[in-house]
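Participant: Fold the following for me, if possible:
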Amino acid sequence: MNRRTTVLSAAVALAAALALTGCGSGSDEPRLTVNGAFMPQPVNDMAGGFLTISNSGAEADKLTSVTSGISDDVQIHEVKDQKMQKVASFDVPANGELKLERGGNHLMFMNLKKQPKQGEKVTVELHFEKAGVLKVDLPVEAPNHNPKQH
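Facilitator: Next up is the predicted model:
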């Protein structure tokens, strides 16, 4: 190998190392995934949405809002002392999860533009303080669907 080839090889190796480091440099940032998402088939002009958001990152995040084409008013609700109330956000802890489930914290779709039927999917956009927007499809299940009973 001559000097020119050695310098070029070193430059390519350095560029590759920097590129790989760049991919991993955000390891502290939130890394969000969603599972268990569903919407029970609504029986009136409102519907609930349920899912689990997992954060494998070392930094916490916040779910700040939810949007969907099925409703202009998607709210984030918490349940305290068996009472439902709208909240501005939910924390998604670092290396933890946020569970939105029946009988607990959940999404609430107000004044539905149309009633989705079992077997369809409702697309939502989850808006996070740090991670940005995450699109999720909620499969529409039977009105009495409860994964805890299966």
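Participant: What is the least confident helix or strand in the protein?
Facilitator: helix 3-24 (a mean of 40; mean pLDDT, DSSP states H and E).
Participant: Please identify which helix or strand holds the residue lying closest to Glu101 once chain neighbours are set aside.
Facilitator: In this structure, Glu101 finds its nearest non-sequential neighbour in Phe50, 5.3 Å apart by Cβ to Cβ, 6 or more residues apart in numbering. Backbone N, C-alpha and C define where each C-beta goes, glycine included. Element membership of Phe50 [criterion: DSSP states H and E] is strand 47-55.
Participant: If you count contacts, what does that strand end up packed against?
Facilitator: When contacts are defined as 3 or more Cβ pairs under 8 Å, 6 or more residues apart in numbering; DSSP states H and E, strand 47-55 packs onto strand 32-40, strand 61-68, strand 96-100, strand 106-110, strand 121-128, strand 132-141.
Participant: Ok, which of these comes nearest Gln75?
Facilitator: Gln75 lies closest to strand 106-110 among these, at 4.5 Å (Cβ to Cβ).
Participant: gap between the closest one and the chain center?
Facilitator: Its chain's C-alpha centre and that of strand 106-110 lie 15 Å apart, by Cα atoms, centre = their mean, to the nearest Å.
Participant: Run through who's touching it.
Facilitator: Strand 106-110 is contacted from outside by 39, 42, 45-51, 66, 68, 70-71, 73-77, 79, 84, 86, 100, 122, 124, using Cβ atoms under 8 Å, 6 or more residues apart in numbering.
Participant: Filter those down to the buried ones, PyMOL style.
Facilitator: Buried residues within the contacts of strand 106-110, by 16 or more other Cβ atoms under 10 Å, are selected in PyMOL with:
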select buried, resi 39+42+47+48+49+50+51+66+68+70+71+74+75+76+77+100+122+124
